[in-house]
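Trainee: dropping the sequence and predicted coords here.
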Amino acid sequence: MRARWMIAGAIALLAVTSGAAVAQGQGNQTNRGQARRAQRRAEARFNDHDRQLALEWYNQHRRNPPRGFRDRDRLPPEYEVRIQPGYVFDLVVRRRAYPAPVELTLQFGPAPRGYRYMVIGGHIVLVDVGYRVADVFRLEINIGR
């Protein structure tokens with residue numbers, strides 16, 4: 001009888017320790033997933049080369065700008081100040097945002113996984129699938145020229 005209790009205790013102890021090991025393994029997977037997401041967020045930035053390419057592209061297309069870069073596409077001041085990293089586009093802003101021109105995005109290269117390039121109010125914006133702004137490149141558009 002005593003042997004049965006010892007065996008049952010050993011099995012219970014083994015189950016508890018293996019469960020802790022499994023939970024620790026899941027914790028490591030969670031940490032790795034968080035690290036990957038953090039790395040993608042870090043990659044979701046415009047670098048100096050991207051900014052130079054955007055300025056050159058805009059100067060070439062200034063006379064006939066595509067949607068998002070036209071004078072009539074400018075945002076009201078109350079929305080202009082909102083377009084910054086961390087801001088999530090509301091419905092009003094989403095309606096005024098356009099996919100970035102293909103010629104420009106080809107120069108940038110593919111956006112990081114889970115992100116896309118958009119244009120709003122003359123600014124090039126990198127947003128995630130939930131319309132959260134990761135980075136903004138503000139182009140100074142000359143109105144009326």
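Mentor: Nice, I can see it. Numbers count the residues shown, from 1 in each chain.

Trainee: residue 97 reaches residue 120, doesn't it?
Mentor: Yes - with contact defined as Cβ atoms under 8 Å, residue 97 reaches residue 120; the gap is 4.2 Å. Any C-beta I mention is one placed from the backbone N, CA and C, and that applies to glycine too.

Trainee: list the neighbours of stretch 80-88 that are in contact with it.
Mentor: By Cβ atoms under 8 Å, 6 or more residues apart in numbering, the list of residues contacting stretch 80-88 from outside reads 74-75, 93, 120-121, 123, 125, 130-136.

Trainee: buried ones in it?
Mentor: The neighbour-count check on stretch 80-88 (16 or more other Cβ atoms under 10 Å) flags 83, 87 as buried.

Trainee: repeat for stretch 104-121
Mentor: When burial is assessed from 16+ other Cβ under 10 Å, stretch 104-121 yields the following buried residues: 104-105, 108, 111-112, 115-121.

Trainee: which of these fall within strands?
Mentor: Among the buried residues of stretch 104-121, DSSP state E puts 115-120 in strands.

Trainee: which one of the residues you listed sits closest to residue 63?
Mentor: If you rank those by distance to residue 63 using Cβ to Cβ, residue 119 comes first, at 17.1 Å.

Trainee: number of residues surrounding the nearest residue to the closest one once chain neighbours are set aside?
Mentor: Nearest residue to residue 119, sequence neighbours excluded (Cβ to Cβ, 6 or more residues apart in numbering): residue 68, at 3.1 Å. Residue 68 sits with 21 neighbouring residues when counted by other Cβ atoms under 10 Å.

Trainee: is it true that residue 68 touches residue 104?
Mentor: No - using Cβ under 8 Å as the test, residue 68 is too far from residue 104 to be in contact (10.5 Å).

Trainee: rewinding a little: between residue 97 and residue 120, which contacts overlap?
Mentor: Joint contacts of residue 97 and residue 120 (Cβ under 8 Å, 6+ apart) are 68, 89.
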